[in-house]
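Trainee: I would like the atomic coordinates for the input below:
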Amino acid sequence: KLNAQLERETARAEKELEQLRLEKQRLQTETRNLEADKEHLVLESNEMSKRVQSVEERMIAMTAECRKMEETSEELQQKNAKLNAQLERETARAEKAEAQCSELANESRKTLSGLEHAKQQ
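Mentor: Predicted coordinates:
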């Protein structure tokens, strides 16, 4: 009777031991999977950090380029304003010169006319 009880206890202990071994294997597999997932996430995080850094560097470069373009635009606007002012001055000079030429031409015609009239008399 004691042997039968001992055999039942042994069988039950062996069954529990087998269940514990299976549970240990399952947990070891799950641990390996989790470690692999963790490694994958770390690698993905590193890649994402590199991409973010690259985007930030491009953004900084583009911001600097925009500032330069704004400065260039302002310089060009100032040059354009100066050129427009110079054009107005030169246009006024040209108009004045044309008026003087007309005046001189009229005076020359009058003088020639006067000379022609004097020759005829």
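
Trainee: Look up the pLDDT of residue 113 for me, please.
Mentor: Residue 113 carries a pLDDT score of 88 in this model.

Trainee: Figure out the helix or strand that it lives in.
Mentor: Following DSSP states H and E, one finds residue 113 within helix 2-120.

Trainee: Where does the prediction get shaky in this protein?
Mentor: Along the chain, no part satisfies pLDDT under 70.

Trainee: mind redoing it with 90?
Mentor: Residues of the chain that meet the criterion pLDDT under 90 lie in 1-4, 113-121.

Trainee: Give me the distance between the residue most central in space within the chain and residue 19.
Mentor: For the chain, the residue nearest the mean C-alpha position is residue 62 (4.0 Å; CA atoms, centre = their mean). Residue 62 sits at a distance of 63 Å from residue 19 (criterion: CB to CB, to the nearest Å). In this view, the C-beta of every residue, glycine as well, is placed from N, C-alpha and C.

Trainee: again, but for residue 98
Mentor: Going from residue 98 to residue 19 by CB to CB gives 113 Å.

Trainee: same thing with residue 25?
Mentor: Distance from residue 25 to residue 19, counting by CB to CB: 11 Å.

Trainee: Now do the same contact list for residue 35.
Mentor: For residue 35, the contact set (CB atoms under 8 Å, 6 or more residues apart in numbering) is empty.

Trainee: separation between it and residue 41?
Mentor: As for residue 35, its distance to residue 41 is 11 Å (criterion: CB to CB).

Trainee: now do residue 108
Mentor: To residue 41, residue 108 is 97 Å away according to CB to CB.

Trainee: Then residue 78?
Mentor: According to CB to CB, residue 78 and residue 41 sit 55 Å apart.

Trainee: go on, residue 73?
Mentor: Noted for residue 73: a distance of 46 Å to residue 41, by CB to CB.

Trainee: Repeat that for residue 95.
Mentor: From residue 95 to residue 41 the distance is 78 Å (CB to CB).

Trainee: and what of residue 62?
Mentor: From residue 62 to residue 41 the distance is 31 Å (CB to CB).

Trainee: same thing with residue 1?
Mentor: Distance from residue 1 to residue 41, by CB to CB: 59 Å.
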